[in-house]
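Asker: Give me coordinates for this.
(chains A and B)
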There are 2 protein chains.
Amino acid sequence: MSASVSPDWIAVDWGTTNLRAFAMQGGTVVDQAQSDQGMGGLTTDGFEPALRALISPWIAAGNLPVIACGMVGSRQGWVEAAYRAVPCTPLDTVLTRAPASGGLAVHVVSGLSQAAPPDVMRGEETQIAGFLQLNPGWDGVICLPGTHTKWAHLSAGEVVSFQTVMTGELFALLGQSSVLRHSLDPDGWHDAAFAEAVGDTMAHPERLAARLFGLRAGQLLQSTDGAIARARLSGLLIGSELAATKAYWLGQNLAILGTGAQARAYRDALALQGAHAIPADTDRATLAGLTAARRLLREAT
Amino acid sequence: MSASVSPDWIAVDWGTTNLRAFAMQGGTVVDQAQSDQGMGGLTTDGFEPALRALISPWIAAGNLPVIACGMVGSRQGWVEAAYRAVPCTPLDTVLTRAPASGGLAVHVVSGLSQAAPPDVMRGEETQIAGFLQLNPGWDGVICLPGTHTKWAHLSAGEVVSFQTVMTGELFALLGQSSVLRHSLDPDGWHDAAFAEAVGDTMAHPERLAARLFGLRAGQLLQSTDGAIARARLSGLLIGSELAATKAYWLGQNLAILGTGAQARAYRDALALQGAHAIPADTDRATLAGLTAARRLLREAT
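Answerer: Sure thing, here's the model as predicted:
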């Protein structure tokens, strides 16, 4: 951290498996640090030490306000930040204070809930808020690929409805823990096999259950390449997701918030259906969202 | 083992996780033994000791022929017993001899394969043969629920085609290893929730991907009972399987080979669709199948 640039607050993205902290001056990152002390591996007493281990250099001269989003606000987290029910803006002026010692003020962003069909998100609301900061006035549907991919319908600055699909977790479980693991290349890819599988599942979503074991049998009987099998599994699952979420993306203004292979797979699958999504960067959106949360908090207090 | 009843051969059911051996006199079990030395935990050198540990009392006075079915005949098993391609009878006169010492003759039953769509079975062919022994002349479709459920179309004593669905493995992975594990009772059940979920997925199989996370959200937001959530997950997955295998069961003469809760769930789900399956016992079928394999072997040699 440069001595000439002093942070005035700290942004924290605290998920199940990772903790990332950013020393901020206004909307600008002046330093950052991260650890693997995600919420999933911590008990109540572990949160404050885990955070202080990262931010202590930044608060040596005095406390700075901390704004945190993600699973840190779940019932098993540091403090439960109650869900806010949609339709609502992605962020509120009220944050939940976590119990920290020595006057350290840690404010946790609430997740969103939906009564019917029942659904929840925690962390993505901050990314959505950041996306809206970076794209003022944007209306449409935003897809946030992940372990649990979220689809959110945004209108006039509010989240109107949303839908979670466990495609990322299913892909990991089937690819790493099921009998299919013997037939999949851990990293390979094959565009045509992916496209064919997406098309098959979109056209016949009722056949999904019968298609999965074929990946194993195809390798045993026809020595199907593991990269092809992996791309097919991804295509079957993403195709199934697109069949289930058609109301979210068909004929909508679309954005995909994510980078890397998973986001590209979603973009390709949607493009195969004639739906073209604009890409957006997750880290930028998260920081813009936490910055917006801090501004709302200051305006309210 | 009663001294007055001497076995004349040994039947072995050797799967991925278990090994079961039966001292047989003709078609009658005179003694039995089992261990957890399934094929999945053994290397090539481990098979003979694992088998001898169970059968040594029975062969103290002299070797007896051993007939084995299941994953012991896979490429990673004791000896690879090449797949036979359908359409064919479930059993053949030719078995594959495993490399055992001291003149012990271990004959392994072949699995079945299907070229298109690619599929394989290993072990179930013996159960199907046994079912046909116990129900001579039976034509129709037999469902064998399991980790990988099999549906087989039988006609004139042959397996015409078959289909594997990974429902059992998916249910275990989602129920025990995914985020849903927090919301499911490990043993509970709820008939009405199961029936509703089967009906939902049958009517709208394209919605499956969007329904799974709702089990978690329903528990977080509405404190849905874990037994209800577990029955719903089973219903969603079995409903998805029935949607995918409709050609196998709609308007067919049906049998379910299996006992216990899983077989009952399949029978209930089919009955909800107006399809009534006769139940059949797996252990009886396995022993009848191995007995038929032994008879075929003796006739051929």
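Asker: so where do the strands sit in the stretch 51-200 of chain A?
Answerer: Using DSSP state E, counting those that start in this stretch, the strands of the stretch 51-200 of chain A run over residues A:66-69, A:84-85, A:96-98, A:106-108, A:112-114, A:119-121, A:140-144, A:149-155, A:158-165.
Asker: Got the domain ranges for chain A?
Answerer: Chain A resolves into domains spanning A:9-122, A:165-280 when parsed by automatic domain parsing.
Asker: hey, which of the strands of the stretch 51-200 of chain A is tucked in deepest?
Answerer: Burial among the strands of the stretch 51-200 of chain A, expressed as mean neighbours by mean count of other Cβ atoms under 10 Å in any protein chain shown, is greatest for strand A:66-69, which shows a mean of 28. (Glycine included, C-beta is placed from N, CA and C.)
Asker: which residue of chain A sits farthest from its center?
Answerer: Within chain A, the residue lying farthest from the chain centre (Cα atoms, centre = their mean) is A:Leu221, at 38.3 Å.
Asker: any idea how far that residue is from A:Met24?
Answerer: Counting by Cβ to Cβ, to the nearest Å, the separation of A:Leu221 from A:Met24 is 57 Å.
Asker: Please enumerate the helices of the stretch 51-200 of chain A.
Answerer: Assigned by DSSP state H, counting those that start in this stretch, the helices in the stretch 51-200 of chain A fall at A:124-134, A:167-177, A:191-203.
Asker: Only the buried residues of the last one, if you could.
Answerer: By that I understand helix A:191-203. A:193-198, A:200-202 (16 or more other Cβ atoms under 10 Å in any protein chain shown).
Asker: Chain B contacts on the stretch 1-150 of chain A?
Answerer: Taking Cβ under 8 Å from any Cβ of the partner chain as the test, the list of the stretch 1-150 of chain A residues beside chain B reads A:75, A:83, A:113-115, A:117-120, A:148.
Asker: With pLDDT added, can I get those in JSON lines?
Answerer: Shown next, in JSON lines, are the residues of the stretch 1-150 of chain A next to chain B (pLDDT from 0 to 100):
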{"residue": "A:Arg75", "pLDDT": "91"}
{"residue": "A:Tyr83", "pLDDT": "97"}
{"residue": "A:Ser113", "pLDDT": "98"}
{"residue": "A:Gln114", "pLDDT": "98"}
{"residue": "A:Ala115", "pLDDT": "96"}
{"residue": "A:Pro117", "pLDDT": "95"}
{"residue": "A:Pro118", "pLDDT": "97"}
{"residue": "A:Asp119", "pLDDT": "98"}
{"residue": "A:Val120", "pLDDT": "98"}
{"residue": "A:His148", "pLDDT": "95"}
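Asker: Most widely separated two among those residues?
Answerer: A:Arg75 and A:Pro117 (20.7 Å; Cβ to Cβ).
Asker: wait, what's in contact with A:Val179?
Answerer: A:Val179 sits next to A:213, A:216, B:148, B:166, B:169 when contact means Cβ atoms under 8 Å, 6 or more residues apart in numbering or on different chains.
Asker: correct me, but the third one touches B:Val165?
Answerer: Right, B:His148. Yes: between B:His148 and B:Val165 there is a contact at 7.2 Å, judged by Cβ atoms under 8 Å.
Asker: where do the contact lists of these two overlap?
Answerer: What both B:His148 and B:Val165 touch, as defined by Cβ under 8 Å, 6+ apart, is the set A:Phe213.
Asker: Can you check the pLDDT for A:Ala3?
Answerer: For A:Ala3, the pLDDT comes out at 51.
Asker: Tell me the secondary structure at the residue farthest from the centre of chain A.
Answerer: helix (DSSP: H, G, I helix; E, B strand; the rest coil).
Asker: In this structure it contacts B:Leu112, no?
Answerer: No: assessed by Cβ under 8 Å, A:Leu221 is found out of contact with B:Leu112, at 11.2 Å.
Asker: which neighbours do these two share?
Answerer: B:83, B:120.
Asker: burial of the closest residue to the residue farthest from the centre of chain A other than its chain neighbours, as a residue count?
Answerer: In this structure, A:Leu221 finds its nearest non-sequential neighbour in B:Pro118, 5.0 Å apart by Cβ to Cβ, 6 or more residues apart in numbering or on different chains. Neighbours of B:Pro118 under the rule other Cβ atoms under 10 Å in any protein chain shown: 19.
Asker: and B:Pro118, what is it in contact with?
Answerer: Counting by Cβ under 8 Å, 6+ apart, B:Pro118 touches A:214, A:217-218, A:220-222.
Asker: between the residues you listed, which is nearest B:Leu144?
Answerer: Nearest member of these to B:Leu144, counting by Cβ to Cβ, is A:Ala217, at 16.0 Å.
Asker: quick check, that closest one in a strand?
Answerer: No: according to three-state DSSP, A:Ala217 belongs to no strand; its state is helix.
Asker: Might one say that it is in contact with B:Val120?
Answerer: Yes: the pair A:Ala217 / B:Val120 is scored as a contact, 4.9 Å apart, by Cβ under 8 Å.
Asker: residues shared between the contacts of those two?
Answerer: Taking Cβ under 8 Å, 6+ apart as the contact rule, A:Ala217 and B:Val120 both touch B:113-114, B:164.
Asker: okay if I get the residues you listed as a markdown table plus distance to A:Gly258?
Answerer: Below are these laid out as a markdown table (distance: Cβ to Cβ, whole Å):
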| residue | distance to A:Gly258 |
| --- | --- |
| B:Ser113 | 40 |
| B:Gln114 | 39 |
| B:Thr164 | 34 |
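Asker: between those, which is nearest B:His153?
Answerer: When the shared contacts of A:Ala217 and B:Val120 are compared for distance to B:His153 (Cβ to Cβ), B:Gln114 wins out at 10.6 Å.
Asker: Distance-wise, check A:Gly226 relative to chain B.
Answerer: A:Gly226 sits 15 Å away from chain B, going by Cβ to the nearest Cβ, to the nearest Å.
Asker: Repeat that for A:Glu48.
Answerer: The gap separating A:Glu48 from chain B is 25 Å, by Cβ to the nearest Cβ.
Asker: In terms of helices and strands, where is that residue?
Answerer: helix A:47-55 (DSSP states H and E).
Asker: How about that helix, which residues are buried there?
Answerer: A:47-48, A:50-51, A:54-55.
Asker: so where's chain A uncertain?
Answerer: A:1-5 (pLDDT under 70).
Asker: What parts of the stretch 151-300 of chain A come near chain B?
Answerer: Counting by Cβ under 8 Å from any Cβ, the stretch 151-300 of chain A comes close to chain B at A:163-167, A:169-170, A:173-174, A:177-179, A:205-214, A:216-218, A:220-222, A:237, A:240-241, A:243-246.
Asker: Give me the buried subset of these.
Answerer: Buried members of those, counted by 16+ other Cβ under 10 Å: A:163-167, A:169-170, A:173-174, A:178-179, A:205-214, A:216-218, A:220-221, A:237, A:240-241, A:243-246.
Asker: from the buried residues of helix A:47-55, which is closest to B:Ala68?
Answerer: The shortest approach to B:Ala68 among the buried residues of helix A:47-55 belongs to A:Ala50, at 54.1 Å (Cβ to Cβ).
Asker: Kindly list the main-chain dihedrals of the residue nearest to A:Leu221?
Answerer: Dihedral angles of B:Pro118 (phi, psi; degrees, to the nearest 10) stand at phi -60, psi 130.
Asker: A:Leu250 now?
Answerer: According to degrees, to the nearest 10, A:Leu250 has phi -70, psi 120.
Asker: what about it, neighbour count?
Answerer: By other Cβ under 10 Å, 13 other residues sit near A:Leu250.
Asker: Likewise for A:Leu270?
Answerer: Counted with other Cβ under 10 Å, the neighbours of A:Leu270 add up to 19.
Asker: wait, A:Leu154 sits on A:Ile142?
Answerer: Yes: with contact defined as Cβ under 8 Å, A:Leu154 and A:Ile142 form a contacting pair (6.1 Å).
Asker: Mutual contacts of those two, please.
Answerer: A:Ile128.
Asker: now stretch A:140-150: how far from the chain's centre is it?
Answerer: Remark: stretch A:140-150 is offset 7 Å from the chain centroid, using Cα atoms, centre = their mean, to the nearest Å.
Asker: no no, stretch A:213-233
Answerer: 29 Å.
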